[in-house]
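Peer 1: Here's a sequence, model it:
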Amino acid sequence: MTLEVGVLGYRFMGKAHANAMARLPMFFPDAPEIERRVLVGRDESALSDAAERLGFDSISTDWRDVVDQVDVFYNLGPNHVHREPSVAALEAGTPVFCEKPLAPTLEDADVMAETAREAGDDVPAGCAFNYRFVPAIRYAKELLEAGELGEIHHVRGRYLQDWLVDPDAPWSWRNDKERAGSGALGDLGAHTVDLLRFLVGDDDLAGDIERLSGHLKTFVDERPVAGESGEMRPVTVDDAYSAQLEFENGAMGTIEASRFATGHKNDHTIEIHGSKGSLRFSLERLNELEVLRNDQNRGYETILVTDEDDPYVDHWWPPGHVLGWEHTFVHENYEFLSAVASGASETPRNGGGETADGREFEPNFEDGLAAQQVLDAIERSDEQGEWVRLE
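Peer 2: Here you go, the predicted structure:
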């Protein structure tokens, strides 16, 4: 069976996912066959050009004409258009893959997650936390699940960029609360929250976050509109955030993100410290994982996660031939589309909606909602000026 795919959005994320779809048959021969059926956007001229470059058969300027006419729908638009098309697709029985954060508000995320529950397990609803699919992160997960680090004491996560340091950098929808929901908090912090939930969000490790204290900051209050009009628009989201976390088992954590971290381009770093050892990971060196074990406590060992038996690596190159950021999308699409194909088959595995190795697809809308609950709590803590418990 060939899956017909409809995609809303053709810029940054549209390119990333279209590239991943094109790579799948080359490197993952057991991936389901797909057809890039229709590309959705508002500007018909730009849309036609994008469809030709990205390999789509047709275009549409209205997602309403698409969501019930394809086998799977990708919602890669700005945050404020995540809810309505995704809900409509799920209500039509069409599997949905939605960019992160799941929604601009907790209310919207709650509605989307409830719709996914009602659609059932054989209609996968995935949330695009692509960093779960970095081989080094999967390797770290295996170490943690095996108890290699012992009892978790500290977790740290930071996501630092500097693309808004210049006060004359132009205004975009990412600077508008109505469209984005939040700034660095949702755009970058959602990734950090999800990775920490993925790695230590288990009762045998640190469990869920119980309470937190958050702080948001906007450094530039208005920005120029692109062009020569001289128009300025207000910035209504955060440029940076930080938060302290307390986990169920008593572990503590700190997380932060900034678009004003001069000298940092895309620095997503995770550190986890336990009673038997520690690990740290940086997205800017995504083929490496640094691991310290107490029985060899003479500094961190740098592990190059490119061996054939490392997660996903057997599909790519010989050891030492590193992977890049774009490969995370190939892995993500492979797992999600395998889950869709399983649910669409005449004899789906255990009810359908499973990944290539038989697991239910994750991260899903429940994971997106869980991340949104943490983001919402950070905003509430900043507004109230005190620690808050997660609802």
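Peer 1: how long is stretch 301-320 end to end?
Peer 2: Terminal residues of stretch 301-320 lie 16 Å apart, using Cα to Cα, to the nearest Å.
Peer 1: any idea of the mean pLDDT in that stretch?
Peer 2: Taken as a whole, stretch 301-320 has a mean pLDDT of 96.
Peer 1: Over to stretch 328-339?
Peer 2: 98.
Peer 1: secondary structure element for V165?
Peer 2: Assigned by DSSP states H and E, V165 belongs to neither a helix nor a strand.
Peer 1: Now do the contacts for it.
Peer 2: Contacts for V165 (Cβ atoms under 8 Å, 6 or more residues apart in numbering) come out as 259-260, 262. From N, CA and C alone the C-beta is placed, and that goes for glycine too.
Peer 1: What separation is there between the residue nearest to the spatial centre of the chain and E391?
Peer 2: Central residue of the chain (Cα atoms, centre = their mean): F129, 1.9 Å from the mean position. For F129, the distance to E391 equals 21 Å [Cβ to Cβ, to the nearest Å].
Peer 1: dump the residue contacts of the residue nearest to the centre of the chain.
Peer 2: Contacts of F129 (Cβ under 8 Å, 6+ apart): 100, 190-191, 194-195, 198, 363, 367-368, 371.
Peer 1: In CSV, list those residues along with neighbour count, distance to S275 and secondary structure.
Peer 2: CSV is the format used below for the contacts of F129 (neighbours: other Cβ atoms under 10 Å; distance: Cβ to Cβ, whole Å; DSSP: H, G, I helix; E, B strand; the rest coil):
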residue, neighbour count, distance to S275, secondary structure
K100, 24, 32, coil
A190, 25, 29, helix
H191, 24, 27, helix
D194, 26, 25, helix
L195, 27, 21, helix
F198, 21, 21, helix
P363, 23, 28, coil
D367, 22, 27, helix
G368, 28, 32, helix
A371, 27, 27, helix
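Peer 1: if we take those, which one ends up nearest to N175?
Peer 2: A190 (16.9 Å; Cβ to Cβ).
Peer 1: ok, G299 touching L292?
Peer 2: Yes. Between G299 and L292 there is a contact under Cβ atoms under 8 Å: 7.0 Å.
Peer 1: Just want the phi and psi numbers for the closest residue in space to E284 that isn't next to it in sequence.
Peer 2: Nearest non-adjacent residue to E284, counting by Cβ to Cβ, 6 or more residues apart in numbering: D267, 5.5 Å away. Dihedral pair for D267: phi -90, psi 90, per degrees, to the nearest 10.
Peer 1: Verify the stated contact: D267 with L286.
Peer 2: No. The criterion here is Cβ under 8 Å, and D267 misses it with L286 at 11.2 Å.
Peer 1: of the two, who's got more company?
Peer 2: More neighbours surround L286 than the other of D267 and L286, with 22 against 18 (other Cβ atoms under 10 Å).
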